[in-house]
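> with the sequence up front, the predicted model follows.
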Amino acid sequence: MKKIILASQSPRRRELMESVNINFTIEVSDIEEVIDESLPVEQAIEQLALQKASVIAKQHKQAVVIGADTVVLYENQILGKPKDLDDAYRMLSMLSGHTHKVITGVAICHEDNNELFHEVTEVTFYELSDDEINRYITTARPLDKAGSYGIQGLGKLFVKEMHGDYCNVVGLPIAQLNQRLKKYI
Ligand SMILES: Cc1cn([C@H]2C[C@H](O)[C@@H](COP(=O)(O)OP(=O)(O)OP(=O)(O)O)O2)c(=O)[nH]c1=O
């Protein structure tokens, strides 16, 4: 059985992996997350996931290393984590009453092979009032989340409809990842 390393500081990714009984350890790679805007968005996100995983993979040659990156895509605008609460307000106002995509790119690095993939989930928000948005950004924790909301917390109240994998919105498409991990174990 190969050693699996999750190259992530995200508590959500850790919880998702633990919840399906994958045995793994965590090593955080502190890369600067810069999206390559010359690439199609799915590919750019996969590349970020690869950067996160490959730093750790170089230090652990035998291990299977997983990196991931999640963004929200709304009308060709890529929304990562907000800079501050004003930015969070701006993002949530933009998403209010509309449908956006949540894309998670994942990289699996093993020996000299890199497997890259992504998953897309479509989320439609109810119309949100200014009050609702303000209450959310002051009581929930929007700053460490792509698009400024967490579907696993109070952000679930915004969701009118969702198509696709819920876990992907939380930060890791765990079912697809599990399928792909089978060949390494
Ligand atoms: C949309 C959405 C995102 N998120 C989170 C998942 C990710 O942790 C975060 C997006 O930031 P990422 O840059 O993908 O990940 P991270 O910085 O938290 O962790 P690392 O780079 O070390 O792996 O947003 C939620 O928790 N719930 C949601 O509903």
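That came through, no problem. From a predicted model like this one, the values you see are computed outputs, not experimental measurements. Residues are numbered from 1 along each chain as shown.
> strand partners (parallel or antiparallel) of the helix or strand K160 falls within?
K160 is part of strand 159-163, with elements assigned from DSSP states H and E. Sheet pairing for strand 159-163, assigned by DSSP bridges, gives strand 113-125 (antiparallel).
> near the ligand, which residues of the protein are found?
8-10, 12-13, 28, 33, 52, 68-70, 72, 81, 102, 144-147, 149-152, 155, 169-171 (C-beta under 6 Å from any ligand atom). (Glycine included, C-beta is placed from N, CA and C.)
> need the next SSE after the strand holding K160, C-terminal direction.
Next element after strand 159-163 (DSSP H and E): helix 166-170.
> mean confidence for that next one?
The pLDDT scores in helix 166-170 average 98.
> which other helices and strands does the helix or strand encompassing A88 contact?
Element membership of A88 [criterion: DSSP H and E] is helix 85-95. Helix 85-95 is packed against strand 64-74, strand 77-79, helix 130-139, with contacts defined by 3 or more C-beta pairs under 8 Å, 6 or more residues apart in numbering; DSSP states H and E.
> mind listing what the closest residue to A63 other than its chain neighbours touches?
Distances taken as C-beta to C-beta, 6 or more residues apart in numbering put K3 closest to A63, at 4.4 Å, once the chain neighbours are dropped. Contacts for K3 (C-beta atoms under 8 Å, 6 or more residues apart in numbering) come out as T25, H60, Q62, A63, V64.
> just those now: which is nearest the ligand?
The ligand has its nearest neighbour among the contacts of K3 in T25, at 14.2 Å by C-beta to the nearest ligand atom.
> bridged to the closest one, which residues?
Beta-bridge partners, per DSSP bridges, of T25: I5.
> the closest residue to G97 other than its chain neighbours is in what secondary structure piece?
Leaving aside its sequence neighbours, G97 sits nearest to E127 (C-beta to C-beta, 6+ apart; 4.1 Å). Applying DSSP H and E as the criterion places E127 outside every helix and strand.
> can you check A175 too?
Counting by DSSP H and E, A175 is found in helix 174-181.
> for that helix, the distance to its chain's centre please.
Between the centre of helix 174-181 and the centre of its chain there are 15 Å (C-alpha atoms, centre = their mean, to the nearest Å).
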